[in-house]
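> Can you look at this prediction? I've put the sequence above it.
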Amino acid sequence: MQIIKTIMISIALLLAPGYALAADLDFMRISLIEGDVQIKTPEAGDWGPASINGPVGEGDQLWIPGGGRVELQLDSGTYIRLDQDSALQVLALDRDSSQFYLSQGHAYIYYNATKGNEIQFDTPDASTRAYNTAVFKVDMSDRYTDVTVYKGYVETENSIGTTRINANEVISLGKDTNGEVSPIGPPDSWERWNKERNDRMLGRRDMSSRYLPDELRGYSADFDDNGKWVNVPDYGNVWTPTVIVFQDWAPYRHGRWIWRGGDYVWVGYERWGWAPYHYGRWAFARGYGWCWVPPARGEVYWGPGYVGWVRTGDYVAWVPLAPRETYYGRGHYGPHSVNITNINITQVNVTNVYKNVNVNNSVTVINRNSFNTASPTRANVHQDIIRKNIFVKNNFSVVGPNIKPTRASYFGSAKPVPAAKLPPQHVKEQSVRALKEARPFVRESDKSVMRRGARTEALPVIKDTTPRTPGKGRPALQQVRPEERGKPVAPAPKPEQKIERREIKPPVERGKSEVREAAPPAKIERREVQPPVERRRPIAPEPKPEPKIEKREIKPPVEKKPEVREAAPPAKIERREVQPPVDRGRPVAPEPKPAPKIEKREIKPPVEKKPEVREAAPESKDEKKPSEHIEGPQGEQKRQRFEERGR
C-alpha cells in the first residue's frame, strides 16, 4: 500500500504543470472589491470573477467594469487602487520591485517603499517610476496621460524625454509631445474616495506593529480592525479574531482552494484572511479559542496554506498546522518545512501528529468529487470518525489532493458575471508577454524605458500656473519631432510666431548690415515682430542710396541749394504707399524698386541731353535767359517745386 501511494505521489509531481512555484505568489493580494471585478491568470487563460484575498501574480490581468473598484495590497504596505473602466496588467513582481501597465482607466498608488525598491507604472503614452515613498495617481484619456503627485516625487517619461514631478503637481503628456505641468486642482470623487480610504487605513493608531515581524507590518490594519492580541503561556503574544461572521468558524474553513502556480492555494473569505492563512501557524488556547501565532523575525515565508492534508476514496480533508509542525510543499517555505521537489519522494515520511485534530470542529472535510467544482460541498462527518477513520497515518498526504483542476478551480468565486460587465474586446486581446517586450523594467534611473538602451533626456515642459483637475480641461501639448528632442518649447503657441517677413531682407542687404544686426527681435524666427518696427529699421539706411539715385543732371540750380534732399519729387510721390516714413521728413522709397519708378517720370528726355547741360550751364545761364527755349523748362521746374512744397 505504501509503495502504491509513493508511486501515485511521484506521478502527480511529474504531471504538475510547469508554472512558477506558488511560493512566488506572496507579493500581492486583492484587499477590497466593489462590483464585478474580473481577473485573468496564466493558468486559467480566460477571464473569471475575482475574489477578496485572491493572490495576484506576475502575468495576471484585472478588469474593473462600470460601477466597480478594487484595491491591491503588496506585502511592503503598498496599495494600488483602480477605478471603474480600468484595465491593469502585472508585468513584473519581485520582493523589491514591481511593474504594472495601465492600458486604460485610472490608478491610485500609495507607494510605501524601502531603500533600494522601485515601482514602474506604464501607460501607452508614458512610463512613471518611483524610487522613494510617494503617493501619486495615473489617469488616462484618449489623447494623453495625467500623472498627479500628492507626496514625494516621481520620474515621468515619454518617447521624447524625462522630467521630475514633485508633490502638488500634475503633468499631462502624450507619447511624443512636450509636457504641461500645473498645480493640482479641486479633487474629484475618485480622489476623495482614495483620501478617505487612506485616512481610514493609515490615519489611526497602529497597535499590531509591535507584535508583528517587520515583513508583515503592512497588514497591521487587518489585525487591528478584526481582533486583539493576547499572551498565552506556550506561544507568547498571539492574535485572536473577534470579528467572525460564520457560526461554525474554524481556520481554513470558509473559503476555497484555487489552482495557482502549480499548487492549490487557499483563498479565505474573511476580510482579514490573507496574512493569518499564508504566514505562521494556528493554535487553540483555553479561554481564548483559536489564536494565530506569527512567525519569528527572519523566518517569514509565505505559503499556499499551512495545513496538513489527508485523502480517502470519498473525502479530502485538512487541518490547520500547529506551531513547529512540518509543512510539505513544492518550494522552500522556511523553517519547519520540506521542499518535496528537491528530494527523493520515496524518502518522504510524514512525522506530524497534527495536534489540532484533537480540537473540536478543527478538521474540514469535503466530498472528493466536489473539490474542484465551483461549489465544494462540506461533508457532515462526526468528530470521532474523523479522528479514527479519516485523519489516520495511512491517509496522510504529502501535498494537496491529486485532483486535476477544472475551469472553476482557477477562480476564488463562483459569482456569475453579467455579459455587460465582461471585458471589451481590446482588453481581452492584451498580451502581457508583448507588453513586457515593449516596456522593459529598468532599474537604473538614468536609463530610458521608452528608448531601450539609451540614456534619459530632458523633456520640454510648459509651466501653467492655473490649477487643473486631472482628466479635466485641455492641456497645451505640442507634438515634438525626434530632431527637436531636448529643445525648449515656447509656451502659449501662436500661429504667427513661425511667420518670417522675409520681404524686408533685400533692402537690408543693400543698406547697412549693422542696422539689421542691431535688431535682436528680427533674428528670432518664432516671435512676432511688430510691423511698424520691421519697416522703420530696414528703411533707415535708405536715405543715402536714394539721393544717389535722385541726382538729376538736368537741374543744376537745384544742386546748389541744400534743399536737394527735400525736393526729390520721385520719393515724395511714393508717400501714398508708405505712410510712416513721411513723418520722419525724409524722402523714402517704400520698397526696393526706386529705379523703375523714376523711369516713369518725364525727366528722362532731359537726361539724354546731359552732356550739353553740364558743359553749358555755367556759361550760358545768362546768355540763354531771354531764349524762350531755355525759359520753358526752367519755368516748368519752378512750377513743379512750388507744387511739391504745397503738398
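Right, received. Where do you want to start?
> Ends of stretch 136-152, what's the gap?
Start-to-end span of stretch 136-152 (C-alpha to C-alpha, to the nearest Å) is 8 Å.
> what do you get for stretch 72-92?
First-to-last residue span, stretch 72-92, C-alpha to C-alpha: 15 Å.
> Repeat that for stretch 377-393.
End to end - C-alpha to C-alpha - stretch 377-393 spans 24 Å.
> Just the buried positions in that stretch, please.
By 16 or more other C-beta atoms under 10 Å, the buried positions in stretch 377-393 come out as 379, 386, 390-391. Using the backbone N, CA and C atoms, a C-beta is placed for each residue, glycine as well.
> Other residues contacting it?
Residues outside stretch 377-393 that contact it (C-beta atoms under 8 Å, 6 or more residues apart in numbering): 310, 312, 314-315, 317, 319, 350, 354, 357-358, 360-361, 363-367, 370.
> In strands, which of the residues you listed fall?
310, 315, 317, 319, 364-367 (DSSP state E).
> would you turn those into TSV with pLDDT, distance to Tyr301 and neighbour count?
Listed next are the ones in strands among the contacts of stretch 377-393 as TSV, based on pLDDT from 0 to 100; distance: C-beta to C-beta, whole Å; neighbours: other C-beta atoms under 10 Å:
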residue	pLDDT	distance to Tyr301	neighbour count
Val310	94	23	24
Tyr315	95	29	19
Ala317	96	24	24
Val319	97	20	27
Thr364	96	23	22
Val365	96	28	21
Ile366	96	26	18
Asn367	95	32	14
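> count of neighbours near the spatially closest residue to Asn352 that is not a sequence neighbour?
Among residues not flanking Asn352 along the chain, Glu325 sits closest, at 5.0 Å (C-beta to C-beta, 6 or more residues apart in numbering). Counted with other C-beta atoms under 10 Å, the neighbours of Glu325 add up to 20.
> Can you tell me how far Glu325 is from Pro335?
Counting by C-beta to C-beta, to the nearest Å, the separation of Glu325 from Pro335 is 11 Å.
> ok, back up a step: which among the buried residues of stretch 377-393 gets closest to Ser431?
Comparing those against Ser431 with C-beta to C-beta places Ala379 closest, at 42.5 Å.
> now the closest one, nearest residue through space, not along the chain?
Using C-beta to C-beta, 6+ apart, the closest residue to Ala379 is Val365 (4.4 Å).
> try Gly273
The shortest distance from Gly273 to any non-neighbouring residue, by C-beta to C-beta, 6+ apart, is to Asn53 (5.0 Å).
> Strands of the stretch 351-500 of the chain, start to end?
Along the stretch 351-500 of the chain, counting by DSSP state E, counting those that start in this stretch, strands occupy 364-367, 396-397, 461-463.
> can you put those in a markdown table and add distance to Ser127?
Output for the strands of the stretch 351-500 of the chain, formatted as a markdown table (distance: least, C-beta to C-beta, whole Å):
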| stretch | distance to Ser127 |
| --- | --- |
| strand 364-367 | 46 |
| strand 396-397 | 46 |
| strand 461-463 | 16 |
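> Ok, which of those strands comes nearest Asn178?
strand 461-463 (6.2 Å).
> ok, that closest one: who's next to it in the sheet?
strand 179-183 (parallel) (DSSP bridges).
> give me every residue that touches Asn369.
Asn369 makes no contacts at all, as judged by C-beta under 8 Å, 6+ apart.
> how does it look with 10 Å?
314, 316, 376-377, 403 (C-beta atoms under 10 Å, 6 or more residues apart in numbering).
> now those residues: which count as buried?
316, 376, 403.
> gap between the second one and Asn53?
Shown here: Pro376 relative to Asn53, a distance of 17 Å by C-beta to C-beta.
> Equivalent analysis for the first one, please.
Separation of Val316 from Asn53 (C-beta to C-beta): 21 Å.
> Verify the stated contact: Leu32 with Arg81.
Yes - with contact defined as C-beta atoms under 10 Å, Leu32 reaches Arg81; the gap is 8.0 Å.
> anything in contact with each of these two?
Each of 69-73, 197 lies in contact with both Leu32 and Arg81 under the rule C-beta under 10 Å, 6+ apart.
> Give me the buried stretch members for stretch 271-281, please.
Quick answer for stretch 271-281 (16+ other C-beta under 10 Å): 272-281.
> Could you chop the chain up by domain?
Split into domains by automatic domain parsing, the chain comes to 2-15+215-405, 27-74+76-203+432-439, 503-620.
> quick one: low-confidence parts of the chain?
1-24, 344-348, 481-647 (pLDDT under 70).
> I'd like to know the phi and psi angles of Trp190, please.
Trp190 adopts backbone torsions of phi -70, psi -40, taken as degrees, to the nearest 10.
> Distance check, it against Arg297.
For Trp190, the distance to Arg297 - C-beta to C-beta - is 38 Å.
> Comparing these two, which residue is more hemmed in?
A direct count of neighbours by other C-beta under 10 Å for Trp190 and Arg297 places Trp190 higher, at 17 against 11.
> Would you mind listing the residues in contact with the closest residue to that one other than its chain neighbours?
Distance criterion C-beta to C-beta, 6+ apart; nearest residue to Trp190, sequence neighbours excluded, is Asp83 at 5.2 Å. Residues near Asp83 by C-beta under 10 Å, 6+ apart: 64, 68-70, 105-108, 137, 139, 189-190, 193-194.
> same thing but at 7 Å, please
64, 69, 105-106, 190 (C-beta atoms under 7 Å, 6 or more residues apart in numbering).
> ok, Arg324 - contacts?
His336.
> Is it in a helix, a strand, or coil?
Classification of Arg324 using DSSP: H, G, I helix; E, B strand; the rest coil returns coil.
> roughly how far apart are it and Val353?
Taking C-beta to C-beta, one finds Arg324 at 11 Å from Val353.
> same question, Asp188
Counting by C-beta to C-beta, the gap from Asp188 to Val353 is 58 Å.
> repeat for Gly179
In terms of C-beta to C-beta, Gly179 sits 65 Å off from Val353.
> So for those two, which residue has more residues nearby?
Neighbours were counted for Gly179 and for Val353 using other C-beta under 10 Å; Gly179 has more, 29 against 12.
> Perfect, that will be all.
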